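S.K.: Mind looking at a prediction? Sequence and model below.
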Amino acid sequence: MKRRLIALMAAAVPALAVLVPTAAGAVARDSGPVAATTCAAVPVSPPSGTKVESVKAVANAGGTVTFPAAPPLHPQEETLTDVPAWCDITVTVSHPGARDHVNIRISLPQDRKKWTGRFQATGGSAYLAGDLSGAPLAGAVKAGYVAAATDAGVGTNPLDVSGWALTPAGKVDTPLLKNFASRSLHDMAVIGKDVAKRFYDRPVSYSYWNGCSTGGRQGYAEAQDHPTDFDGILAKAPAVGWDRFAVATLWSQAVFNEERVAPTSCELAAFNTAAVKACDSLDGVEDGIIDNPRKCHWDARRLVGTKIVCEGREITISRATAEAVRKIWAGPVSSSGRRLWYGPNKGASLDALATPGTPFFVADSWVRYFVKRDPAFDTTKLTYTSFAQIFRASQLRFNDVIGSDDPDLSAFAKAGGKLLSWHGQNDELVPTEGTIAYRERVNQVLGGDRRVDDFYRLFLLPGVNHCAGGTGPYPTDDLGALVDWVEKGRAPATLAASAPGADGRTVTRDVCRYPMVARYTGHGDTNSAANYRCVTV
């Protein structure tokens, strides 16, 4: 489980060359003199309702910078070369009546010639609103951005909410939850661009959001709540519908209790192996990937009676275990059978969301601290009835606060904003279907795929896990595609992606925008993107 949590945290940090981790205590070798601005505190104009408490500046020499390990986000030491000297300006703000202290860090190239005029705000992961250790910031500075991150006033621990979720009286700390949900994102956007303007004495030319998982949800929230904050939003594996997602991913615990089974990881893996074998070739290419899980209708109950070997012991798949897996894939339902949310796709690992007695930590914390307001509540004891009650309570109390699922993006579209979003079809933490459902709701409100594609494009990546990893080709420059769309009007029809193949060769794909998928033409190397075309299925 610890390894899975570390993988989650690391994956949620944007995995681009321009987003190389940094951390407190970084050691740098000076790369030589530059025509630098002065690294000093500047006046700050915050949004209405936000008060500036302090502004501090720290100069960084740049050059070759080594960033020490800082688990769980940065489990290994990392080195970044050719970083220009930069200035970190930390603005601490508060909100009247909230008793909060929110830190916003803005990193700026000291040499004004190194700045492209672009601003990049970076997102968080799990219960971390943003990485103030500098994880995305120094790399973004190297790429010519002014970059920013915020802690939303909730601290720097992505795993633990015990220090901020509840007031001493045992009530949800609503101001801090609002900070985490959206308020601090707007503060960061306004203050970050204001600091850049004052630092260089010229305004930001283009502003971008970049985040995955929690960061993806934050990007969607910005498009919905503050449609003029960003010209372009890159939102990956977005945890939209948080009020439902963060309960729905506990569904397996209720299923295991009601079906009276506790399958091992090996047994669960056998179902995915069988599903992939059954549905791999539906796209015309056998590559160990279910290209379009929606078209995979293989039933888990077909594995009943199959014998598998787990850790040297032979196990026969039971009917109850198969039924449990079927229900987990189908996703949570009400007592009347109405769909509540979505399950993981066939082909996605079930370890994180379906380990008996080990609930997904994001969902576990959400239910214990926010919905039940009882840290001692045991989510491993859920039943179908108690699950449905908690699901309804979360939706009623928190959709308006952190749902991040308003489909009316008309203001964002009118402002000229561009939203580029992608989601891995093998996402093992945030079910892909939640993102698809949101896109379909936007279509219904704003006139269908053709109109919505003018400002919001979604790409589904076969074989890709949560934010990164997996067996499928991963985007090679998604941020670059967004920049081209915003600044040059080149709307991405496809998203270039690549991955190392099993035979040592590189696999490339041009991932098609939703609802189209890539299909092999029947001629040429199946590893080459040149031999695929986009079709609607």
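M.R.: That came in fine, so what should we check first? Numbering: from 1, shown residues only.
S.K.: was I right about residue 200 contacting residue 116?
M.R.: No. Taking contacts as Cβ atoms under 8 Å, residue 200 lies outside contact range of residue 116: 11.2 Å. In this view, the C-beta of every residue, glycine as well, is placed from N, C-alpha and C.
S.K.: buried sites along stretch 346-360?
M.R.: By neighbour count on 16 or more other Cβ atoms under 10 Å, the buried set for stretch 346-360 is 346-350, 352-356, 359-360.
S.K.: Same check on stretch 443-453?
M.R.: Buried-residue list, stretch 443-453, by 16+ other Cβ under 10 Å: 443, 446, 449, 452.
S.K.: ok, residues contacting that stretch?
M.R.: 407-410, 413, 439, 442, 491, 513-515 (Cβ atoms under 8 Å, 6 or more residues apart in numbering).
S.K.: Of these - the most surrounded one?
M.R.: Highest neighbour count within the contacts of stretch 443-453, by other Cβ atoms under 10 Å: residue 442, with 24 neighbours.
S.K.: Quick one: the helices in the stretch 101-250 of the chain, in order.
M.R.: 137-142, 174-178, 184-200, 214-225, 242-248 (DSSP state H, counting those that start in this stretch).
S.K.: So for residue 338, which of those sits nearest?
M.R.: helix 242-248 (12.8 Å; Cβ to Cβ).
S.K.: moving C-terminal of that closest one, what's the next helix or strand?
M.R.: As assigned by DSSP states H and E, the chain's next helix or strand after helix 242-248 is helix 251-259.
S.K.: which ones are touching the nearest residue to residue 471 once chain neighbours are set aside?
M.R.: Spatial nearest neighbour of residue 471, excluding adjacent residues (Cβ to Cβ, 6 or more residues apart in numbering): residue 463 at 4.4 Å. Counting by Cβ under 8 Å, 6+ apart, residue 463 touches 287-290, 347, 424-426, 470-473, 499.
S.K.: what do you get if the cut-off is 7 Å, keeping everything else the same?
M.R.: 289, 425-426, 470-472 (Cβ atoms under 7 Å, 6 or more residues apart in numbering).
S.K.: try residue 377
M.R.: So residue 377 contacts 367-368 (Cβ under 7 Å, 6+ apart).
S.K.: oh, and call the first residue 651 from now on, that's how I've got it
M.R.: Okay, using 651 as the starting number, the last item reads as residue 1027.
S.K.: where's it relative to residue 1059, distance?
M.R.: 36 Å (Cβ to Cβ, to the nearest Å).
S.K.: What of residue 1168?
M.R.: From residue 1168 to residue 1059 the distance is 26 Å (Cβ to Cβ).
S.K.: Residue 933 too?
M.R.: Taking Cβ to Cβ, one finds residue 933 at 31 Å from residue 1059.
S.K.: give me the element the closest residue to residue 909 other than its chain neighbours is part of.
M.R.: Nearest non-adjacent residue to residue 909, counting by Cβ to Cβ, 6+ apart: residue 974, 4.4 Å away. Residue 974 belongs to helix 969-980 when elements are defined using DSSP H and E.
S.K.: Tell me the confidence at the residue nearest to residue 1058 when sequence neighbours are not counted?
M.R.: Counting by Cβ to Cβ, 6+ apart, residue 1058 lies nearest to residue 1095, which is 5.5 Å off, once chain neighbours are set aside. pLDDT recorded at residue 1095 is 98.
S.K.: Enumerate every residue touching residue 896.
M.R.: 1012-1013, 1016.
S.K.: what about residue 835, how many neighbours?
M.R.: 29.
S.K.: now do the one 4 residues further on
M.R.: Burial of residue 839, expressed as a neighbour count using other Cβ under 10 Å, amounts to 23.
S.K.: any idea how far the nearest residue to it once chain neighbours are set aside is from residue 1068?
M.R.: In this structure, residue 839 finds its nearest non-sequential neighbour in residue 879, 3.9 Å apart by Cβ to Cβ, 6+ apart. With distances taken as Cβ to Cβ, residue 879 is found 13 Å from residue 1068.
S.K.: before we move on, the earlier item: any chance of the buried residues of stretch 996-1010 in TSV, plus secondary structure?
M.R.: Formatted as TSV, the buried residues of stretch 996-1010 follow (DSSP: H, G, I helix; E, B strand; the rest coil):
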residue	secondary structure
996	coil
997	coil
998	coil
999	coil
1000	coil
1002	coil
1003	coil
1004	coil
1005	strand
1006	coil
1009	coil
1010	coil
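S.K.: Can you add pLDDT and distance to residue 822 and give these back as CSV?
M.R.: Listed next are the buried residues of stretch 996-1010 as CSV, based on pLDDT from 0 to 100; distance: Cβ to Cβ, whole Å:
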residue, pLDDT, distance to residue 822
996, 98, 36
997, 97, 37
998, 98, 31
999, 98, 32
1000, 98, 31
1002, 97, 26
1003, 98, 25
1004, 98, 28
1005, 98, 28
1006, 98, 29
1009, 98, 20
1010, 98, 20
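S.K.: out of the residues you listed, who's nearest residue 753?
M.R.: residue 1010 (28.1 Å).
S.K.: can you tell me how far the residue lying closest to the closest one once chain neighbours are set aside sits from residue 1002?
M.R.: Once flanking residues are discounted, residue 1010 sits nearest to residue 899: 4.7 Å by Cβ to Cβ, 6+ apart. Here residue 899 is placed at a distance of 8 Å from residue 1002 (Cβ to Cβ).
S.K.: that older thread, please say which of residue 879 and residue 1068 ends up with more neighbours.
M.R.: residue 1068 (26 against 22).
S.K.: hang on, the more buried one packs against residue 1105?
M.R.: Yes. In this structure, residue 1068 is within contact of residue 1105 by Cβ atoms under 7 Å, at 5.7 Å.
S.K.: now the longest helix belonging to the chain and helix 901-909, what's the angle there?
M.R.: Identified as the longest helix of the chain according to DSSP state H is helix 1034-1052. Using axes from the mean of the first three to the mean of the last three Cα atoms, to 10 degrees, the direction of helix 1034-1052 lies 170 degrees away from that of helix 901-909.
S.K.: Run through the neighbouring helices and strands of helix 1034-1052.
M.R.: helix 824-828, helix 892-898, helix 901-909 (3 or more Cβ pairs under 7 Å, 6 or more residues apart in numbering; DSSP states H and E).
S.K.: Where does the prediction get shaky in this protein?
M.R.: Along the chain, segments meeting pLDDT under 70 span 651-686, 784-785.
S.K.: try it again with 80
M.R.: Where the chain drops to pLDDT under 80, the residues are 651-686, 717-725, 727-728, 783-786, 1152-1154.
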